[in-house]
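>>> give me a 3D structure for the following:
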Amino acid sequence: MNNRTGIRDDQESFFYNLRFMLIVCVLVGNALEPLITRFAGAEALFLWIYTFHMPLFVWVTGYFARHSPQGEPGRRVLKQIALQYVLFQTLYALMDFTVFHTPHMKLSFFAPYLLLWFLASHFCWRLLLRLTISWKPVHRLIASIVLGIIAGYLPVDGFWLSFSRTFVFLPFFMIGYDYGATIRSYLRSGWGRNAAAALSAGLLIWIGLGGLEMSTGWLMGSMTYAELGHHEWYAGIYRLGIYALEIVSGALFLAWVPSLTSKLTDLGRRTLYVFLLHGFLVRLTIWSGVYNHIESGLYIPVIVVIAVMFAVLLAHPAIRHAFRPLIEPDTSRFTLHRRELFKRSV
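Just a heads-up that it's a prediction; the model follows:
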């Protein structure tokens, strides 16, 4: 194996390792959310996770989009994302209707169900990338930041097709696509990386001491400035401040990510299964009423451990074997050649 191949393999392993660590953060964040108004420790850990995990998840998604941005591979990915969205939007709605008996339940494909906003946004990010593929990377980045700021001013429902999050997190997708490999090359071992890891832990402690007093809506990216209580013309400056916080927190967290190929790397190849299936577990756990019996913040480490165990379980090869037709549907049957279309029209 030549040196260039080794560097590329280490780079891929790094991003797969990061992807699994981030999906663990997603599970931990979702598991802690029902407790953040009751325990300061849960709120601090929740806020810390939200300062980096979604921006980095979008960044990693942009990096892997380099493998299939255009052509037939790109169209195949778009079709797969669309099928995943339709299937799981339907399944989650059926669960609400049959298990939870949610009142006034309506199946709508224009309001993504909980975590499915990411699929809707991913579809749009790829479309926007295809539209701007001929642009210079710096122009694409500047345009995405401007769109992210402007989106907060628009008087629209940010949840409609994940409109707000699509544009708020768009800069991270573009950074991952254009600069992901370059940024990775600067992450070297040594005292600088150790210092960054220490600062990342220090950020968590600072948040725990009350150093970050802000609405979680800013970090989730799903609300307009008006919904966040800011009607000023300069509210967009706050978004720039949030971008700065997320970039710093994300860069510091990267120091925790190993580069070597390991079991973590293998798990990182199946994070899509964890992402799409864990929502059922979270909803069933909340519905069971188990959170009503948590009376102390001492249970927080237990919740974190259980979330990690669920992530490992859902990333197991057996889960992929069982759910692959549902999560990675065959899109070839939805492809019609122009000649076939002509014959059908005739």
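
>>> which residue ranges of this structure form strands?
With DSSP state E applied, the chain shows no strands anywhere along its length.

>>> quick one: low-confidence ranges for it?
Low-confidence segments of the chain (pLDDT under 70): 1-9, 104-106, 157-161, 333-346.

>>> the stretch 151-300 of the chain: helices as residue ranges?
With DSSP state H, counting those that start in this stretch as the definition, the stretch 151-300 of the chain shows helices at residue ranges 163-168, 170-185, 191-208, 216-220, 236-253, 263-268, 271-288, 300-314.

>>> buried sites along the last one?
Using 16 or more other CB atoms under 10 Å as the burial criterion, the residues of helix 300-314 that qualify are Ile300, Ile303, Val304, Ile306, Ala307, Phe310, Ala311, Leu314. Using the backbone N, CA and C atoms, a C-beta is placed for each residue, glycine as well.

>>> tabulate those residues (TSV), appending distance to Gly192.
Compiled in TSV, the buried residues of helix 300-314 are given as follows (distance: CB to CB, whole Å):
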residue	distance to Gly192
Ile300	31
Ile303	33
Val304	28
Ile306	34
Ala307	30
Phe310	34
Ala311	29
Leu314	35
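
>>> now do the contacts for Trp48.
For Trp48, the contacting residues are Leu203, Leu204, Ile207, Ser249, by CB atoms under 8 Å, 6 or more residues apart in numbering.

>>> got a winner among those residues for most neighbours?
For those, the largest neighbour count, defined by other CB atoms under 10 Å, is 23 neighbours, found at Ser249.

>>> wait, it touches Phe52, no?
Yes - Ser249 is in contact with Phe52 according to CB atoms under 8 Å; the separation is 4.2 Å.

>>> show me which of the buried residues of helix 300-314 is closest to Tyr238.
Among the buried residues of helix 300-314, Ile300 lies closest to Tyr238 (CB to CB), at 29.6 Å.

>>> thought the closest one was touching Ala31?
No - when contacts are counted by CB under 8 Å, Ile300 is not listed as touching Ala31 (9.5 Å).

>>> returning to what we had before: tell me which of the helices of the stretch 151-300 of the chain sits most buried.
With neighbours defined as mean count of other CB atoms under 10 Å, the helices of the stretch 151-300 of the chain peak in mean count at helix 163-168, which reaches a mean of 25.

>>> and for Leu284, nearest residue in space, chain neighbours not counted?
Taking CB to CB, 6 or more residues apart in numbering as the measure, Leu284 lies nearest to Val99, with 7.7 Å between them; neighbours along the chain are not counted.

>>> what about Met21, distance to Glu213?
The gap separating Met21 from Glu213 is 27 Å, by CB to CB, to the nearest Å.

>>> sorry, that was for Arg165
For Arg165, the distance to Glu213 equals 23 Å [CB to CB].
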